[in-house]
Each structure stands twice: as structure tokens, then as C-alpha cells.
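**Q** sequence plus the predicted model coming up.
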Amino acid sequence: MSFQRVDKESTAQLRIIKPSALSQLALGTARSFLSGPELIRCDNLVSGKARRNFTVGHALARIVVAEQLALELAQVTLVQTCSTCGGPHGRPHVVDLPVHVSFAYATDAVAVAASRCGPIAVDCADFPPQPHHRDAMVRLLPIGENNGDDREAVKLWTIHECLVKLGGRELDDQKPVHRSPHLQQPDIVLVEGNYFRSIAMPATVATVGSPDAFDLTISTEVPRSAAFTPVPTDALP
């Protein structure tokens with residue numbers, strides 16, 4: 001489904017939650033909202049944390065879309081189809097609804113971004129970074145910017161990952177990320193024709209990117225939603 005942009009100032013929503021804050025019962029309820037292909041992908045993941053984060057991310061994406069459009073969760077259909085092989089992975093797409101969505105995972109963080117006004121991408125990464133990740137992140141720093149501040153390196157990594165999701169870079173493109181300040185909005189930077197805003201938290205850095213300027217609403221609260229509401233024990237079979 002195609003639709004026109006509303007105006008130049010795109011309003012986007014970012015929701016970040018800690019999967020460890022959810023009970024096993026709530027995770028089981030969230031899992032019930034996943035489709036068959038999503039469940040297969042989830043169950044094929046080796047790590048229990050990866051399966052947990054996958055479940056939370058895919059349920060949270062539905063919640064964020066439902067909140068934006070004032071819909072019931074059952075009205076939100078989320079699919080992923082690889083543009084190369086046709087498999088059930090790749091860029092997420094909300095079926096027949098005028099909204100773009102993106103999600104990302106860190107060790108104990110799931111981030112979902114959504115926009116009704118154009119393409120959106122989100123990435124999040126652990127801070128401080130693991131040593132083997134740090135080496136790749138530091139390579140993205142332009143010459144003269146490597147002042148030992150790992151948080152800046154992590155920000156650039158998340159910008160790079162968002163550029164990949166937006167189609168502006170290949171995953172293995174490790175050229176430095178050059179940022180330019182946004183004159184009207186000091187918390188937004190311009191990189192390769194796209195707008196980015198990074199949010200630094202104690203253990204995670206998250207970045208949202210879009211080809212269009214945007215205002216960002218941020219929430220770190222677990223949504224009050226059927227997808228995360230545990231089924232009462234006495235109602236279980």
C-alpha cells in the first residue's frame with residue numbers, strides 16, 4: 001500500500017523496553033501474537049535470550065502500530081520478506097496500513113520505531129561495547145574523532161546500521177560516518193542525506209533514522225497491552 005507524506009516534519013515514535021522486565025507468563029502471551037513464519041524463525045534461534053528478544057520485538061512492533069493508528073492488535077499484520085531470496089526475513093512491513101516500522105535488539109533492550117510519514121529505521125547496541133564489536137565501531141570514526149569516547153563510536157555504529165536498513169549502505173561498508181549538525185534541531189544530525197537522532201541510556205545506545213526530518217516521541221515504559229498481559233493462571237488449560 002502506498003501513501004503520501006503528510007508534511008516535511010515527520011512525527012515518529014520510539015519505544016524501548018527491557019525484555020528481562022517481562023515475566024515468562026507475559027512472554028508466552030506475547031508469543032501468541034506471532035504468525036506461523038515468525039514462530040518458526042523464533043524457534044530456530046539458538047539462544048534463549050535471542051528467542052525472548054525476537055518475541056518481544058515482534059509483539060512490540062504490533063503494539064506501537066496499533067497505538068499510532070488506534071487499532072486492535074488483531075488488525076495489525078506484520079510480515080518480513082527477503083528481497084533477495086523471498087524468505088520470511090528482511091525489512092518488516094505492515095500489511096495494508098499507512099505506517100512504516102523498524103525494530104532492533106541489544107542484549108537486554110528491544111527498540112521499535114514507527115512513522116506514518118515515510119521510511120524509518122532504528123538500531124540499538126550495548127554500551128559499553130564488547131571488545132570484538134568495539135574494533136569495528138571505532139573504524140567508523142572519521143580521522144581526528146577517535147578521542148577514546150566509546151559512546152560516540154557506538155552512536156556511529158547504530159547510525160551505520162540504520163543506513164543499511166534505509167538502503168543507503170551495504171552491511172560490510174565500513175567507511176567512516178561523517179555527521180553534520182542540524183541547524184534548527186541540535187539533537188539531530190545529518191548523514192548521507194538522512195536525519196538521525198541518538199538516545200544514550202545507561203547500558204544501551206539507540207538511534208532512529210529517516211530520509212525526512214522528524215519529531216520523535218520516546219517511551220521506555222512497558223505498554224499496557226494484551227500482548228504483554230499475562231493470562232491468569234486459572235484460565236490456562
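**A** Perfect, thanks for sending it.

**Q** what's the residue positioned nearest the centre of the chain sitting at in phi/psi?
**A** By C-alpha atoms, centre = their mean, the chain has its centre lying nearest to F103, at 2.5 Å. Phi and psi for F103, reported as degrees, to the nearest 10, are phi -140, psi 160.

**Q** look up how far L141 lies from it.
**A** Distance of F103 to L141, computed by C-beta to C-beta, to the nearest Å: 26 Å. In short, each C-beta sits where N, CA and C put it, glycine included.

**Q** L166 reaches P211, doesn't it?
**A** Yes - under the criterion of C-beta atoms under 8 Å, L166 makes contact with P211 at 6.7 Å.

**Q** those two: which has the busier surroundings?
**A** Using other C-beta atoms under 10 Å, the more surrounded residue of L166 and P211 is L166, with 20 against 16.

**Q** burial of the spatially closest residue to the more buried one that is not a sequence neighbour, as a residue count?
**A** Nearest non-adjacent residue to L166, counting by C-beta to C-beta, 6 or more residues apart in numbering: A121, 4.9 Å away. Residues near A121, counting by other C-beta under 10 Å, number 29.

**Q** quick one, what contacts A121?
**A** S102, A113, E161, C162, L163, K165, L166, V208, G209, S210 (C-beta atoms under 8 Å, 6 or more residues apart in numbering).

**Q** any stretches of this structure with poor pLDDT?
**A** 1-10, 231-237 (pLDDT under 70).

**Q** all strands for it, in order.
**A** 10-17, 78-80, 92-94, 100-106, 109-115, 121-126, 180-181, 188-191, 194-200, 204-210, 214-219 (DSSP state E).

**Q** ok, back up a step: and for L166 and P211, which residues touch both?
**A** P119, N194.

**Q** from G168, how far off is the nearest residue to V189 once chain neighbours are set aside?
**A** Sequence neighbours aside, R179 is the residue nearest to V189 in space, at 4.2 Å (criterion: C-beta to C-beta, 6+ apart). Distance from R179 to G168, counting by C-beta to C-beta: 14 Å.

**Q** kindly report the same for G87.
**A** 23 Å.

**Q** what about these two, which has more around it?
**A** Neighbours per residue, other C-beta under 10 Å: of G87 and G168, the larger number sits with G168, 17 against 11.

**Q** the more buried one and V177 touch, don't they?
**A** No - with contacts counted by C-beta under 8 Å, G168 stays clear of V177, the gap being 11.1 Å.

**Q** and the longest helix for the protein?
**A** helix 48-69 (DSSP state H).

**Q** tell me which other helices or strands it touches.
**A** On a contact count with 3 or more C-beta pairs under 8 Å, 6 or more residues apart in numbering; DSSP states H and E, helix 48-69 meets strand 10-17, helix 24-31, helix 36-43, strand 78-80, strand 100-106, strand 109-115.

**Q** pick the most deeply packed of these.
**A** strand 109-115 (a mean of 26; mean count of other C-beta atoms under 10 Å).

**Q** can you say which of the helices and strands packed on helix 48-69 is nearest to I188?
**A** Distance to I188, taken as C-beta to C-beta, is lowest for strand 10-17 among the helices and strands packed on helix 48-69, at 11.4 Å.

**Q** pull the number of nearby residues for G148.
**A** 7.

**Q** what does it show for phi and psi?
**A** Dihedral angles for G148 - degrees, to the nearest 10 - are phi 90, psi 0.

**Q** thanks a lot, catch you later.
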